[in-house]
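# pasting the sequence and the predicted model now:
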Amino acid sequence: MNKILIWIVTLALHLNLGAAEKPKLIVIVSIDQFRYDYLTRFGDHFGPGGFNLFLKQGANFVAAHQAHAITTTAPGHSVITSGAHPSTNGIISNNWFDVQTGKKVYCVEDESASILGAEKAGRSPKNFFAMTLGHVLQLSNAGQSKIISMSLKDRSAILMGGKLADGAYWLADSAFVSSNYYFDQLPEWVKKYNASGKANSFFGKTWERLLPDSEYARQGADDAPGEEAEDGMDTTFPHVINGGQNAINAGYFDALRKSPFGNDLLADFAKTALIAENLGQRNVTDILCIGFSANDGLGHAYGPNSHEVMDITIRTDRTLEDLFKFIDQRIGLANCTLVLTGDHGVADMPETVRQHNPNADVQRVVSDEIIAAGEKALNDAFGVLNDGMTWVMAHEGTSIYLNPKVLIQKGVSSEAAENVLKDLIQQDPRVHAVYTWTQLANGQVAGELGQRALNSFFPSRSGNVYFQLKPYNLDSDDPAGATHGSTWSYDSHVPMLWYGVGIHPGVYYETVAIVDIAPTLAAILQIEFPGSLQGRILGEVLK
């Protein structure tokens with residue numbers, strides 16, 4: 001009886017929105033490597049129309065999480081518009097290993113596609129198995145709606161846009177490019193934008209702190225242990241964006257991608273797209289997805305407790321306020337629905353933790369050392385291999401792939417080899433949990449963390465063994481910089497902010513997941529849900 005009642009209430013909520021107006025434009029903003037606590041730590045420096053448009057006039061879910069275990073960029077973006085976990089949409093990480101071909105696979109690589117505007121490897125959503133909100137919206141109105149997605153990163157733009165996007169754009173050196181998966185040539189407005197030289201205009205520009213130096217004391221010292229200098233950028237302010245050279249070079253574009261100017265460039269490109277594509281002004285709902293990526297590159301170099309992260313967060317607020325003002329003037333924010341979220345957070349660096357407690361049991365963990373110990377354990381259990389063969393074929397992060405040819409040659413089952421690795425790895429004091437392919441395939445997990453591991457499991461792409469490190473132990477071969485990718489709150493807890501048409505303002509404290517965004521937007525649009533949906537309608541936030 002209860003299940004029937006829930007079904008009736010959900011259906012009524014979905015259908016009764018028919019009397020409400022639909023937005024002319026949906027804007028989905030994802031900020032790469034953006035922890036929820038940045039909103040509270042730096043909120044006293046926000047203006048009225050950026051983050052505070054949501055926090056003071058919209059809806060704020062304070063306990064929103066990415067509900068999968070491998071919290072990297074690709075899976076984080078794959079769930080936003082699909083409402084499906086990586087276990088369903090196939091995007092388990094930025095990369096995975098194909099044991100059949102013996103090759104690493106990049107999440108949006110496609111050898112049959114070519115990039116328009118750059119001589120680089122092909123890209124498309126071929127490896128993405130989910131329908132998206134835009135997909136269903138276009139099917140509902142014979143393709144009248146436009147779906148435009150953009151980012152500095154190809155994977156962010158492609159995975160938010162989905163398979164039926166009218167265009168997905170990302171930055172390749174000095175130009176915004178796309179794939180011939182979407183069209184045969186770049187639209188004229190994109191060609192014109194690239195010809196303007198906007199991406200080169202930041203060369204030699206100096207990034208200074210936006211606020212007085214004293215305001216950054218809450219972050220500790222500017223040059224803190226663990227920070228990483230690269231691409232011509234030192235570990236202290238000011239930062240000159242030139243790649244360490246006197247002329248435009250590859251290092252300059254890398255520096256641009258990890259500076260506030262990268263976000264400014266993307267926002268400017270978004271404004272151009274709004275005008276050129278006439279988004280939100282065609283008597284039909286359009287969708288614009290914007291993935292701000294600069295925060296991620298910068299966060300990796302300097303860590304979440306740096307002056308740089310504080311400054312780019314405040315500058316991102318100003319960039320958003322300017323963009324939203326533009327949308328308001330052109331379309332009217334009262335006619336739009338805005339959603340802001342993040343693909344993942346980031347861990348505090350072990351060096352930062354030890355500054356507060358020198359005896360803290362945290363460190364950088366080199367996975368190769370664990371793999372080497374696992375290889376020895378397998379040799380001890382089943383016999384030493386000849387001819388340079390190894391039991392472990394590859395590893396991606398903390399996912400380990402066994403060599404199927406060796407297993408066949410030795411007459412060892414995958415499950416037996418997996419258990420040897422599991423027994424070895426779970427003895428490591430830095431490891432919290434270990435899961436085998438067989439366990440995950442049979443759903444033999446317990447607790448919330450186990451469920452998140454299951455949400456990241458895709459049988460044909462996942463490794464034979466996956467392990468989770470204890471909090472603040474970083475899987476990193478690099479002796480400096482910050483990273484993410486774990487199941488812990490600092491990596492999974494991200495914003496979920498709403499504003500505009502169909503949204504009931506307020507602060508909401510229940511735990512929700514980023515997969516809930518797509519079904520909630522589908523309810524506002526009064527369309528069918530994406531076919532692989534695993535999230536729920538956030539009925540509490542709907543008017």
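Looks like it came in fine.
# do I have it right that S145 meets G280?
No - using C-beta atoms under 8 Å, S145 is not in contact with G280; the gap is 10.5 Å. C-beta: built from backbone N, CA, C; applies to glycine.
# shared neighbours of these two, anything?
Common neighbours of S145 and G280, using C-beta atoms under 8 Å, 6 or more residues apart in numbering, are D286.
# lowest-pLDDT helix or strand in this structure?
helix 2-16 (a mean of 44; mean pLDDT, DSSP states H and E).
# quick one: list the elements packing against the helix or strand just after that one.
Next in sequence after helix 2-16, counting helices and strands by DSSP states H and E, comes strand 25-31. Packed against strand 25-31, as judged by 3 or more C-beta pairs under 8 Å, 6 or more residues apart in numbering; DSSP states H and E, are the following elements: helix 154-161, strand 286-292, helix 307-330, strand 336-342, helix 517-525.
# if you set the cut-off to 7 Å instead, what comes out?
Judged by 3 or more C-beta pairs under 7 Å, 6 or more residues apart in numbering; DSSP states H and E, strand 25-31 is in contact with helix 154-161, strand 286-292, strand 336-342.
# can you list contacts of the longest one?
With contacts defined as C-beta atoms under 7 Å, 6 or more residues apart in numbering, helix 154-161 is touched by 28, 30, 32, 73-74, 77-78, 80-81, 91, 94, 107-108, 123-125, 128, 134, 147, 149-151, 168-170, 289, 291, 293.
# what do you get for the last one?
Outside of strand 336-342, the residues within contact range by C-beta under 7 Å, 6+ apart are 23-31, 34, 54, 80, 280, 327, 494-503, 514, 517, 524.
# chain center to the next helix or strand after it: distance?
The first helix or strand that comes after strand 336-342 along the chain, using DSSP H and E, is helix 350-356. The chain centroid and the centroid of helix 350-356 are separated by 26 Å under C-alpha atoms, centre = their mean, to the nearest Å.
# would you mark the buried spots in helix 350-356?
350-355 (16 or more other C-beta atoms under 10 Å).
# pull the most distant pair out of these.
Pairwise distances across these (C-beta to C-beta) peak at 9.8 Å, for the pair P350 and Q355.
# and the spatially closest residue to F61 that is not a sequence neighbour, its phi and psi?
With C-beta to C-beta, 6 or more residues apart in numbering as the criterion, F61 has its nearest non-adjacent residue at 4.2 Å, and that residue is M496. M496 adopts backbone torsions of phi -140, psi 100, taken as degrees, to the nearest 10.
# check the one 10 residues further on too.
Here the main-chain torsion angles of G506 (degrees, to the nearest 10) amount to phi 150, psi 180.
# kindly provide the distance from it to E540.
From G506 over to E540 the distance is 8 Å, taken as C-beta to C-beta, to the nearest Å.
# next one: Q427
45 Å.
# and the nearest residue to S174 once chain neighbours are set aside, how many neighbours?
What sits nearest to S174 in space, not counting adjacent residues and going by C-beta to C-beta, 6+ apart, is A199, at 4.3 Å. Look at A199: counted by other C-beta atoms under 10 Å, it has 24 neighbours.
# now L137, what's its secondary structure?
Under DSSP: H, G, I helix; E, B strand; the rest coil, L137 falls in the helix class.
# around it, how many other residues sit close by?
26.
# so how far is D322 from it?
Using C-beta to C-beta, L137 is found at 27 Å from D322.
# same question for D296.
Computed as C-beta to C-beta, the D296 to D322 distance reads 21 Å.
# between these two, which is the more surrounded one?
D296 (25 against 16).
# the more buried one contacts R35, correct?
No - look at D296 against R35 with C-beta atoms under 7 Å: they stay out of range, at 11.5 Å.
# helices of the stretch 51-200 of the chain, start to end?
Taking DSSP state H, counting those that start in this stretch as the test, the helices found in the stretch 51-200 of the chain are 51-57, 73-78, 86-89, 133-140, 154-161, 188-195.
# rewinding a little: show me the contacts for the residue nearest to S174.
171, 174-175, 265.
# tabulate these (a markdown table), appending distance to Q185.
Formatted as a markdown table, the contacts of A199 follow (distance: C-beta to C-beta, whole Å):
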| residue | distance to Q185 |
| --- | --- |
| L171 | 18 |
| S174 | 18 |
| A175 | 13 |
| L265 | 22 |
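# now neighbour count, pLDDT and distance to Q100 too, for these, in CSV please.
Listed next are the contacts of A199 as CSV, based on neighbours: other C-beta atoms under 10 Å; pLDDT from 0 to 100; distance: C-beta to C-beta, whole Å:
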residue, neighbour count, pLDDT, distance to Q100
L171, 25, 98, 33
S174, 18, 95, 38
A175, 21, 97, 35
L265, 21, 98, 40
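# need the max-distance pair from the residues you listed.
Spatial extent of those (C-beta to C-beta) is set by the pair A175 and L265 at 11.3 Å.
# now A267: how far from L137?
Using C-beta to C-beta, A267 is found at 24 Å from L137.
# kindly report the same for L323.
Taking C-beta to C-beta, one finds L323 at 22 Å from L137.
# does K410 touch F382 like I think?
Yes - contact criterion C-beta under 7 Å: K410 and F382 qualify, at 5.5 Å.
# could you list the domains of the protein?
2-348+498-541, 364-471 (automatic domain parsing).
# comparing those, which stretch has the densest surroundings?
Comparing the domains of the chain by mean neighbour count (mean count of other C-beta atoms under 10 Å), domain 2-348+498-541 ranks first with a mean of 20.
# which element is G47 on?
Here G47 is assigned to no helix or strand, by DSSP H and E.
# list the contacts of G167.
148, 178, 182.
# and of those residues, the nearest to G50?
I148 (21.6 Å).
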